[in-house]
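Q: sequence and predicted structure are below.
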Amino acid sequence: MVFLAAVLARGGDWSEAVEVRHDTERCVSYRARLNGEFLIVQATHEAGWHTNAMDNQKRAEEKLAGRQSLGIDSPTEIRLDQGLELAGPWYQSPPKDASKPDLQWFTWVFEKQVLFVAKVRRSGAGPGMMIGIRGQACTETSCKKIDLTLSVPLTGAGTEPIDWKSLVQVR
């Protein structure tokens with residue numbers, strides 16, 4: 001975790017943070033950076049807000065085992081829109097199980113600060129790298145759609161070690 005903290009402490013390497021707001025209240029903010037051949041996306045949730053795991057639908061389908069559900073919450077999706085190609089699987093901070101099995105409602109959420117990491121390679125001749133993030137941020141009583149774009153900086157792409165023990169592979 002010390003190495004991960006060192007990676008997060010270097011603010012100059014990160015994109016500008018993009019905030020998701022519900023009216024005037026900030027729900028979650030995202031920023032991204034390159035770390036060698038890895039893309040790191042960080043989400044910081046405000047108190048009371050959460051987003052869903054990248055593999056939320058797959059996890060829910062496994063738990064439901066063919067049974068009907070009231071619905072499955074939208075997963076977090078990260079697209080490599082410009083200048084990057086995926087070169088390996090996604091990893092995410094371990095999500096919290098917020099399921100209600102008695103209602104046959106299964107979901108896994110993120111709170112506070114979380115990371116998404118994937119091996120990438122640069123693509124195309126363009127100077128910019130863009131990623132898109134989709135999903136939803138929710139409290140117990142309301143949700144806000146997430147659909148944003150981040151510009152990933154090319155400068156200062158470090159090669160600090162990543163604490164893989166603090167991440168799980170997306171299913």
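A: Structure received.
Q: contacts for the helix or strand Ile146 falls within, please.
A: Per DSSP states H and E, Ile146 falls inside strand 143-151. By CB atoms under 8 Å, 6 or more residues apart in numbering, the residues outside strand 143-151 that reach it are 15-16, 18, 20-22, 27-28, 30-32, 41, 51, 76, 81, 128-138. Every residue, glycine included, has its C-beta placed from N, CA and C.
Q: try 6 Å this time
A: Strand 143-151 is contacted from outside by 15, 18, 20, 22, 27, 32, 130-137, using CB atoms under 6 Å, 6 or more residues apart in numbering.
Q: check stretch 23-43 too.
A: With CB under 6 Å, 6+ apart, stretch 23-43 has contacts from 13-15, 17-20, 44-46, 49, 51, 78, 114-120, 131, 133, 137, 144, 150, 152, 157-159.
Q: can I get the buried part of the residues you listed as one PyMOL selection?
A: Written as a PyMOL command, the selection of buried residues from the contacts of stretch 23-43, which uses 16 or more other CB atoms under 10 Å, is:
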select buried, resi 13+14+15+18+20+45+46+49+51+78+114+115+116+117+118+120+131+133+137+144+150+152
